[in-house]
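**Q** got a predicted model here, sequence first, then my questions.
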Amino acid sequence: MGFTEDCFRDSDEDICRQAIESSKPSMQGIEWESLKAKGWQRLNVPERFAPFAKGGFATPPEVRVLQRDRDRDGMDPLPMYIRHASPRSRTPRSRRSTARHHLSAHRHFLNSSFANMPFATAEAKEPSLDMHVADAAARGIGNGDTVRIFNDRGSFTARARVGEKARDGVVVALSVWWRKLTGDGRNANEVTSQALTDIGRGATFYDCLVEVERTVARGNG
């Protein structure tokens with residue numbers, strides 16, 4: 001095509017090397033050879049890394065966008081945040097539930113795709129639920145316990161992974177397991193909402209309120 005710039009002579013490996021060359025502190029220690037050998041490397045960030053947990057977004061918090069086309073749908077043209085999935089919400093459902101449930105795709109699955117493949121299920125092993133140590137202690141739950149996650153929509157069981165991967169007040173189920181491959185024939189979709197968003201009529205299943213309890217083996221009280 002007549003291009004003569006140096007970049008058009010770069011190999012795939014050259015492009016990869018350039019992509020990870022950075023002066024950012026988070027990229028220190030990330031090298032192409034070790035990355036290629038291991039397959040992944042963690043960024044040079046603290047173990048507990050939540051850069052926006054206390055705000056710090058570049059956009060001023062007082063900026064809001066007026067959407068005049070919302071008038072057609074009978075909605076306020078000035079969007080606002082209405083908290084539905086919160087233990088502090090004054091609703092019957094929120095008063096019965098004390099943890100936010102976050103549904104996150106397992107890294108070996110693609111949503112529900114690959115969840116039946118032997119290589120993926122071998123890596124994932126079984127349905128799990130990440131819990132903060134404080135939340136687990138308050139419920140008498142130990143690392144490795146089988147727990148029941150439930151609300152007034154339904155329930156499912158998973159193996160508790162107690163630590164600090166999940167923040168306190170939040171539990172994280174790695175999904176989406178096929179129901180026929182789970183111990184109780186259920187998965188995280190049992191507790192999620194079927195409600196639709198007011199803009200776009202999209203799904204609202206990523207976060208909901210749940211309670212978690214340790215299951216007791218039959219015959220042990």
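**A** Nice, I can see it.
**Q** tell me where the chain has helices.
**A** Counting by DSSP state H, the chain has these helices, from start to end: 12-20, 32-38, 92-96, 118-124, 133-138.
**Q** and those: which comes nearest residue 183?
**A** Of all the helices of the chain, helix 118-124 sits nearest to residue 183, with 13.0 Å by C-beta to C-beta. (C-beta placed from N, C-alpha, C; glycine too.)
**Q** roughly how far does residue 151 sit from residue 213?
**A** 12 Å (C-beta to C-beta, to the nearest Å).
**Q** give me the neighbour count for the residue lying closest to residue 16 once chain neighbours are set aside.
**A** Among residues not flanking residue 16 along the chain, residue 32 sits closest, at 6.4 Å (C-beta to C-beta, 6 or more residues apart in numbering). By the criterion of other C-beta atoms under 10 Å, residue 32 has 15 neighbours.
**Q** hmm, residue 32 is touching residue 15, no?
**A** No - judged on C-beta atoms under 8 Å, residue 32 makes no contact with residue 15 at a distance of 10.8 Å.
**Q** lowest average confidence, helix or strand, in this structure?
**A** helix 92-96 (a mean of 47; mean pLDDT, DSSP states H and E).
**Q** okay, the helices of the chain, which one's buried deepest?
**A** Most buried of these, by mean neighbour count (mean count of other C-beta atoms under 10 Å): helix 133-138, with a mean of 16.
**Q** just the CA coordinates of it, formatted as CSV?
**A** As requested, C-alpha coordinates have been extracted for helix 133-138 and formatted as CSV (Å, rounded to 0.1, in the frame of the first residue of the first chain):
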residue,chain,number,x,y,z
VAL,A,133,-13.6,-12.0,56.8
ALA,A,134,-15.8,-9.7,58.9
ASP,A,135,-19.0,-10.8,57.1
ALA,A,136,-18.1,-14.4,57.4
ALA,A,137,-17.2,-14.2,61.1
ALA,A,138,-20.6,-12.5,61.9
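**Q** looking at it now, give me its mean pLDDT.
**A** Confidence over helix 133-138, taken as the mean pLDDT, stands at 91.
**Q** ok now that helix, how far from the chain's centre?
**A** Remark: helix 133-138 is offset 19 Å from the chain centroid, using C-alpha atoms, centre = their mean, to the nearest Å.
**Q** show me how the record splits this structure into domains.
**A** The record, using automatic domain parsing to delimit domains, assigns the chain the ranges 6-38, 87-214.
**Q** how close does the residue sitting nearest the centre point of the chain get to residue 1?
**A** If you average the C-alpha coordinates of the chain and look for the closest C-alpha using C-alpha atoms, centre = their mean, you land on residue 104, 3.3 Å from that point. As defined by C-beta to C-beta, residue 104 lies at a distance of 43 Å from residue 1.
**Q** ditto for residue 122
**A** Counting by C-beta to C-beta, the separation of residue 122 from residue 1 is 46 Å.
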